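**Student:** give me a 3D structure for the following:
(one chain, ligands or ions: 2)
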Amino acid sequence: MSDVLKPSRKTPPPEMAAISPPLSPTLKLKKVPKELSPEESSEVPDNYVSYTLRNNKPRDPITWNNIFRELNYLTLFILTVTPAIAIWGLFTVQMQWKTAAFSVFYYFFTGLGVTAGYHRLWAHRCYNASRPLQYFLAAAGTGAVEGSIKWWCRGHRAHHRYTDTELDPYNAHKGFWWSHIGWMLVKPRFKPGTVDISDLSKSPVVRWQHRWYVPLILGMGFGIPTMVPGLLWGDFLGGFVFAGAARLTFVHHSTFCVNSLAHWLGETPFDDKHTPRDHVVTALVTIGEGYHNFHHQFPMDYRNAIKWYQYDPTKWFIWICSRFGLASHLKSFPDNEVRKGQLTMQLKRLRETQDMLEWPVDGEELPVISWQSFQKQSETRPLIAVAGFIHDVASFMDQHPGGRNLLAKNIGKDATAAFFGGVYDHSNAAHNLLAMKRVGALHGGMAHGSEERMIPPSQKLRVARYNEMGSPYNSSTALSDGEGLLGY
Ligand SMILES: [Zn+2]
Ligand SMILES: [Zn+2]
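**Tutor:** Ligands and ions are numbered 1, 2, ... in the order given. Take a look at the predicted model:
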């Protein structure tokens, strides 16, 4: 290591010493208690997830012996009895079209409470909502019976912060059904990773909903959907079965798909570090939450879909609210940064294609030979010099579109001028093919100013990683001093 790179061990200048804490030989770093979050701790581990997993014992694996102890009975009850009522009703209760239409409306109403309210407003703070809109969304979201805003957002923030790890409550690496529903049916194996929800704890609307949660779910989940069809057109039972139970089953599995389907089906146009994916089918079943690859990259963006034709009714709802003055400060990630993500993914795919193709031998790997040696060796094999490289055209003599004779005439010669227009101005494809026939580099190379001819058109624009810039396939670095011989 050079002196320049050595860390300085000099004593700090007086002004720095003045602000440094006094050093004491008795001062020792305290061991961080397990429950401290990285924010609370003065000692930051290299990786909070692995640190936490190392220092916390998970609950025992679920087996047939302990399954009854590990089940979450309340969730299990809600998620089995609700669809059971819906299935029973489908076969026994006459469906009225008004009730059917109201059920669809109520599905979107309660679904939007979760997507526009729980998710984009409270979990991600994508926009500001007026107090009336907050109460509206809190009430609507309660009708989806998915826990209080505070509980839901605590888990969802952990899902984003610790995506695809054991600290993510619905870790997609544990399988489709685990992330869809399994994680709710049993007690969590690990406590979800620490997150900050102090903003939610301070919100009067969140506190109001948390406090009155049980009466609210009974009213919004089953009371309203039973009473509206009952009082308006006399269909209490239909309201309970279709707008209540069947609608709730759909809302449940629709929003659960954001954790399962959206981490399983589709493309990764913005980033492929984690499992979230974009797919129109997921968007259709989740009221627009299906562009989940975008969402995980830009979670504070009020949009999931950025193109006007993509299905994102939650975004449209928020935008309309903003037009009516009910919502404001809609956040969008800078388009420039969004496009950087897209470009990176496109380059990755192009790099895969680039790596699948065969390329000319790198100039640095070719033997460098003198003009005399080139001419001598041309007597025994058809060698032609073009743009500083020596090419063996034996396999091409009978395929040359200009005829065998034109090639034969240039054996042992520098055909650069002839190739680049003197006889025929060859196509880019011809230049690319010629480069594949390189067997050596000519000592002395190209005349100054015409180096560009050394690089085949297919290699003038390439996908290179930061640590490869200027090295791979770089013909301009091919020539070096010294003399070599063509290898046979
Ligand atoms: Zn997700
Ligand atoms: Zn989210």
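**Student:** quick one: Ala415 and Ala387 touch, right?
**Tutor:** No - at 9.3 Å, Ala415 and Ala387 do not qualify as touching, with contact defined as CB atoms under 8 Å. Where C-beta positions appear, they are placed from N, C-alpha and C, glycine not excepted.
**Student:** more neighbours, the two?
**Tutor:** Higher neighbour count among Ala415 and Ala387: Ala387, with 25 against 22, using other CB atoms under 10 Å.
**Student:** show me this protein divided up by domain.
**Tutor:** Listed by automatic domain parsing, the domain ranges of the chain are 67-344, 363-477.
**Student:** just those: most buried one?
**Tutor:** Counting by mean count of other CB atoms under 10 Å, domain 67-344 has the highest mean neighbour count of those, with a mean of 19.
**Student:** now the end-to-end length of that one.
**Tutor:** For domain 67-344, the first-to-last residue distance is 45 Å (CA to CA, to the nearest Å).
**Student:** likewise for stretch 348-364?
**Tutor:** When the termini of stretch 348-364 are compared using CA to CA, they are 26 Å apart.
**Student:** pull out the buried positions in that stretch.
**Tutor:** Buried residues in stretch 348-364, defined by neighbour count with 16 or more other CB atoms under 10 Å: Gln354, Trp359, Pro360, Val361, Gly363.
**Student:** let me see the mean pLDDT of it.
**Tutor:** Stretch 348-364 carries an average pLDDT of 94.
**Student:** same question for stretch 428-435.
**Tutor:** On average, stretch 428-435 scores 96.
**Student:** quick one: contacts of it?
**Tutor:** Pro360, Val386, Phe389, His391, Phe396, Phe419, His426, Pro456, Pro457, Ser458, Gln459, Ser475 (CB atoms under 8 Å, 6 or more residues apart in numbering).
**Student:** quick check: of these, which lies closest to Glu267?
**Tutor:** Ser458 (27.2 Å; CB to CB).
**Student:** and the closest one, helix, strand or coil?
**Tutor:** helix (DSSP: H, G, I helix; E, B strand; the rest coil).
**Student:** where along this protein do the strands fall?
**Tutor:** 128-129, 327-328, 368-369, 383-386, 389-392, 438-442 (DSSP state E).
**Student:** would you reformat those strands as a markdown table and include distance to Arg465?
**Tutor:** Listed next are the strands of the chain as a markdown table, based on distance: least, CB to CB, whole Å:
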| stretch | distance to Arg465 |
| --- | --- |
| strand 128-129 | 42 |
| strand 327-328 | 43 |
| strand 368-369 | 28 |
| strand 383-386 | 30 |
| strand 389-392 | 26 |
| strand 438-442 | 24 |
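**Student:** I'd like to know which of the ones you listed is closest to Trp178.
**Tutor:** Taking CB to CB, strand 128-129 is the member of the strands of the chain nearest to Trp178, at 32.6 Å.
**Student:** so which elements touch the longest helix along the chain?
**Tutor:** For the chain, the helix that runs over the most residues, judged by DSSP state H, is helix 335-356. When contacts are defined as 3 or more CB pairs under 8 Å, 6 or more residues apart in numbering; DSSP states H and E, helix 335-356 sits against helix 292-297.
**Student:** what residue ranges in the chain score low on pLDDT?
**Tutor:** For the chain, the stretches with pLDDT under 70 are 1-42, 470-488.
**Student:** switch the cut-off to 90
**Tutor:** Where the chain drops to pLDDT under 90, the residues are 1-48, 50-63, 65-67, 188-191, 362-364, 444-454, 466-488.
**Student:** quote the end-to-end distance of stretch 227-243.
**Tutor:** End residues of stretch 227-243 are separated by 10 Å (CA to CA).
**Student:** quick one: residues in contact with it.
**Tutor:** Outside stretch 227-243, the residues that reach it (CB under 8 Å, 6+ apart) are 85-86, 88-90, 93-96, 98-100, 102-103, 106, 222, 225-226.
**Student:** if we go to 7 Å?
**Tutor:** 85-86, 89, 93, 95-96, 98-100, 102-103, 106, 222, 225-226 (CB atoms under 7 Å, 6 or more residues apart in numbering).
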